[in-house]
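# sharing a model that was predicted from the sequence below.
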Amino acid sequence: MIDLHNEIAGAYYGEYGIPENWREKITMNKTILTMTENIYQLTS
C-alpha cells in the first residue's frame, strides 16, 4: 500500500518534490529519467 501512496505523491509533486540528494541515490536515475521523457514525448 505504501508503494501506491509513493506513486501518487510522485505524480502530484513531480521530480522536484523529491530532495536532490535523494534523487542522486536512486538506482539508474538517469535511465529512468530518459525513459520517462521518451514516454512523455510519445504521449504529447
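The structure has been received and is ready for your questions.
# how far is the helix ranked longest in the chain from where the chain is centred?
Longest helix in the chain by number of residues (criterion: DSSP state H): helix 29-43. From the chain centre to the centre of helix 29-43 is a distance of 9 Å (C-alpha atoms, centre = their mean, to the nearest Å).
# so for it, mean pLDDT?
Averaged over helix 29-43, pLDDT sits at 92.
# how about that helix: buried residues?
Under the neighbour-count criterion of 16 or more other C-beta atoms under 10 Å, helix 29-43 has nothing buried. In this view, the C-beta of every residue, glycine as well, is placed from N, C-alpha and C.
# can I get that helix as CSV, trimmed to CA atoms?
Taking Å, rounded to 0.1, in the frame of the first residue of the first chain, the C-alpha atoms of helix 29-43 are listed here in CSV:
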residue,chain,number,x,y,z
ASN,A,29,18.1,7.5,-12.1
LYS,A,30,19.4,8.8,-15.4
THR,A,31,18.0,5.8,-17.3
ILE,A,32,14.6,6.2,-15.6
LEU,A,33,14.6,10.0,-16.3
THR,A,34,15.4,9.3,-20.0
MET,A,35,12.7,6.7,-20.3
THR,A,36,10.0,8.9,-18.7
GLU,A,37,11.0,11.8,-21.0
ASN,A,38,10.6,9.4,-24.0
ILE,A,39,7.2,8.2,-22.8
TYR,A,40,6.1,11.8,-22.3
GLN,A,41,7.2,12.7,-25.8
LEU,A,42,5.2,9.8,-27.3
THR,A,43,2.1,10.8,-25.5
